[in-house]
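K.L.:
Provided below for reference: sequence and predicted model.
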Amino acid sequence: MTRIPNVLTIAGTDPSGGAGIQADLKAFSAAGAYGMSVITAVVAQNTQGVRSIRTMDPDFVFDQAAAVFEDVQVDAVKIGMVANAGIIEAITKALDTYTDRATCPVVLDPVMVAKSGDSLLDADTEGALREQLVPRSTLITPNLPEASVLLGLEGEMDGVDEMRGNVDKLLALGCDWVLLKGGHLEGHTSEQSTDILAGPDTRVELTAPRIATTNDHGTGCTLSAAVAACLPRMDMEPAVREAKEYLTAALKHADQLNVGQGHGPVHHFHNLWGNNA
């Protein structure tokens, strides 16, 4: 692609700037894409947690998406927080109405479980996500708790062997590709984190060093957004590899930021701003 790609995020907000829509737009820009957004929910949150959520009316979510799709050539879509079944139906309708699966990849970050382990979605919404959005996605990027919810497992996967055994089950939900993220393995005590990328005739294990930082807010949003920004320019495996390298560096430089008293954001613009020693 010779022109700058246009990438759309459909997600909730984060007024502290580390996750959600705000993180997605930063990651798009850092990856050289023009970012656009559809807001599903306005979230009162900061680096210490979520205070309250106001969800958008599903018809308004669809109208936001239609306004973009009817005017702009969208080259990729990233989906994050979906909030409820009505919003999922609106997103699915917009994708079916305005996009071609072959030319507009969709990256779904299934935001389903909070860092505390609490479920963020009710049973109806989980079902709609699994049955409507997952089959409509080019790539899904679940972490281990989210993968367990998608597959209806009673407990989390506790090793790479178990990840290998379940990645095909995730593909069987109807998506084209799965990036199963292993960051929750071993209680974050090992030096390496292993993800598994699986797709048509592809099984690749991708390792990255664990970065010792408390500034890890919005890592899932940032990774999936970076992949979406790369996909208009490259195939899936190199897009995922480039996005993972970007996130690792953003984590490595995150302590240059001084944002909040809890889990701060990664440094989305580490490669553009100064003081990157």
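P.N.:
That came in fine, so what should we check first?
K.L.:
could you look up the SS state of Gly86?
P.N.:
On the three-state scheme (DSSP: H, G, I helix; E, B strand; the rest coil), Gly86 is labelled helix.
K.L.:
and the residue nearest to it when sequence neighbours are not counted, how far is that from Glu89?
P.N.:
In this structure, Gly86 finds its nearest non-sequential neighbour in Pro58, 3.9 Å apart by CB to CB, 6 or more residues apart in numbering. C-betas here are computed from N, CA, C, even on glycine. The gap separating Pro58 from Glu89 is 6 Å, by CB to CB, to the nearest Å.
K.L.:
and if you look at Glu205?
P.N.:
From Glu205 over to Glu89 the distance is 36 Å, taken as CB to CB.
K.L.:
quick one, which of those two is more surrounded?
P.N.:
In this view Glu205 and Glu89 are compared by other CB atoms under 10 Å, and Glu89 has more residues nearby, 17 against 14.
K.L.:
where do the strands of the stretch 51-200 of the chain begin and end?
P.N.:
76-79, 106-108, 139-140, 177-180, 192-199 (DSSP state E, counting those that start in this stretch).
K.L.:
would you reformat those as a markdown table and include mean neighbour count, mean pLDDT and distance to Thr213?
P.N.:
Output for the strands of the stretch 51-200 of the chain, formatted as a markdown table (neighbours: other CB atoms under 10 Å; pLDDT from 0 to 100; distance: least, CB to CB, whole Å):
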| stretch | mean neighbour count | mean pLDDT | distance to Thr213 |
| --- | --- | --- | --- |
| strand 76-79 | 28 | 98 | 24 |
| strand 106-108 | 27 | 98 | 25 |
| strand 139-140 | 26 | 98 | 26 |
| strand 177-180 | 26 | 98 | 22 |
| strand 192-199 | 19 | 94 | 13 |
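K.L.:
a markdown table for those, including distance to Met163?
P.N.:
Below are the strands of the stretch 51-200 of the chain laid out as a markdown table (distance: least, CB to CB, whole Å):
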| stretch | distance to Met163 |
| --- | --- |
| strand 76-79 | 23 |
| strand 106-108 | 18 |
| strand 139-140 | 14 |
| strand 177-180 | 6 |
| strand 192-199 | 5 |
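K.L.:
so which of those comes closest to Gln261?
P.N.:
strand 192-199 (25.6 Å; CB to CB).
K.L.:
give me the sheet partners of the closest one and which way each runs.
P.N.:
Strand 192-199 pairs in its sheet with strand 177-180 (antiparallel), strand 202-209 (antiparallel), by DSSP bridges.
K.L.:
hmm, who's touching that strand?
P.N.:
Strand 192-199 is contacted by residues 160, 163-164, 167-168, 170-171, 176-183, 185, 203-210, 236-237, 240, 244 when judged by CB atoms under 8 Å, 6 or more residues apart in numbering.
K.L.:
ok, now stretch 232-242?
P.N.:
By CB under 8 Å, 6+ apart, the list of residues contacting stretch 232-242 reads 1, 5, 7, 31, 33, 75-76, 105, 138-139, 177, 179, 197, 199, 202, 204, 206, 226-227, 230-231.
K.L.:
export the strands paired with strand 192-199 to a markdown table and tack on distance to Asp124?
P.N.:
Formatted as a markdown table, the strands paired with strand 192-199 follow (distance: least, CB to CB, whole Å):
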| stretch | distance to Asp124 |
| --- | --- |
| strand 177-180 | 24 |
| strand 202-209 | 33 |
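K.L.:
any idea which of those gets closest to Leu129?
P.N.:
Between the strands paired with strand 192-199, strand 177-180 lies closest to Leu129; by CB to CB that is 14.5 Å.
K.L.:
what is the end-to-end distance of stretch 149-165?
P.N.:
Separation of the first and last residues of stretch 149-165 by CA to CA, to the nearest Å is 16 Å.
K.L.:
cool, thanks, talk later.
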